[in-house]
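> Sequence first, then the predicted structure, then my questions.
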Amino acid sequence: MNKQESYGNTVIIGDFNSLCAEDNNRKQQKLMEEIIKSHLEITVLSMLSEKPMSGHDIIKGVFSRYMVLLSQGTIYSLLSSLKEDGMILSMSNKGDMRIKKYICAGEKIQETQEKLIEFIDTMGYFLESIKEESNVKKLPDRFR
């Protein structure tokens with residue numbers, strides 16, 4: 001049962017801890033969205049290194065993994081740029097030329113893997129240094 005309290009013109013429903021948890025979840029989700037959007041190329045390349053995907057599959061995959069909704073314009077613009085740079089290839093399904101699947105380019109797979117490893121190592125170092133400097137002892141379970 002929700003507790004309801006009034007403070008002047010403000011009515012608070014629920015308890016303080018649940019309100020703080022909800023606020024923290026929103027902050028974490030906003031931060032996750034900023035991280036994904038800032039590192040979208042790496043995110044997409046990591047997904048494409050797993051299997052061929054359409055732009056729609058990538059949008060769904062990012063949403064299911066990170067709860068971040070990306071626009072079609074954002075994804076297809078990035079896919080076009082990656083294709084121009086030779087990082088990925090596109091292929092059409094037999095019988096349906098409208099649907100394209102994207103995959104890491106054969107000659108660029110090693111470069112893509114090196115880029116992913118470099119990113120993971122750099123972010124690991126970055127996060128560890130923040131953890132050490134700020135004496136953070138425990139990371140939330142969702143980040144383990």
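Thanks, I have it.
> For this structure, which segments count as strands?
Per DSSP state E, the chain carries strands over the ranges 4-7, 10-13, 88-93, 96-104.
> what is the mean pLDDT for the last one?
The pLDDT scores in strand 96-104 average 84.
> do the same with stretch 135-143
Averaging pLDDT along stretch 135-143 gives 62.
> Residue 122: neighbour count?
Using other C-beta atoms under 10 Å, residue 122 is surrounded by 10 other residues. In short, each C-beta sits where N, CA and C put it, glycine included.
> same thing with the one 4 residues further on?
As a burial measure, the neighbour count of residue 126 was computed by other C-beta under 10 Å and equals 10.
> Please apply the same query to residue 75.
Applying other C-beta under 10 Å, we find 20 residues neighbouring residue 75.
> what do you get for residue 134?
Applying other C-beta under 10 Å, we find 8 residues neighbouring residue 134.
> Relative to residue 25, how far out is it?
Separation of residue 134 from residue 25 (C-beta to C-beta, to the nearest Å) stands at 21 Å.
> Go ahead and flag the most central residue of the protein.
In the chain, the residue lying closest to the centroid (C-alpha atoms, centre = their mean) is residue 36, at 3.7 Å.
> residue contacts, that one?
Residue 36 sits next to 43, 62, 66, 68, 70 when contact means C-beta atoms under 8 Å, 6 or more residues apart in numbering.
> and those residues as JSON lines, adding pLDDT?
Output for those, formatted as JSON lines (pLDDT from 0 to 100):
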{"residue": "43", "pLDDT": "94"}
{"residue": "62", "pLDDT": "96"}
{"residue": "66", "pLDDT": "93"}
{"residue": "68", "pLDDT": "95"}
{"residue": "70", "pLDDT": "95"}
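> Many thanks, have a good one.
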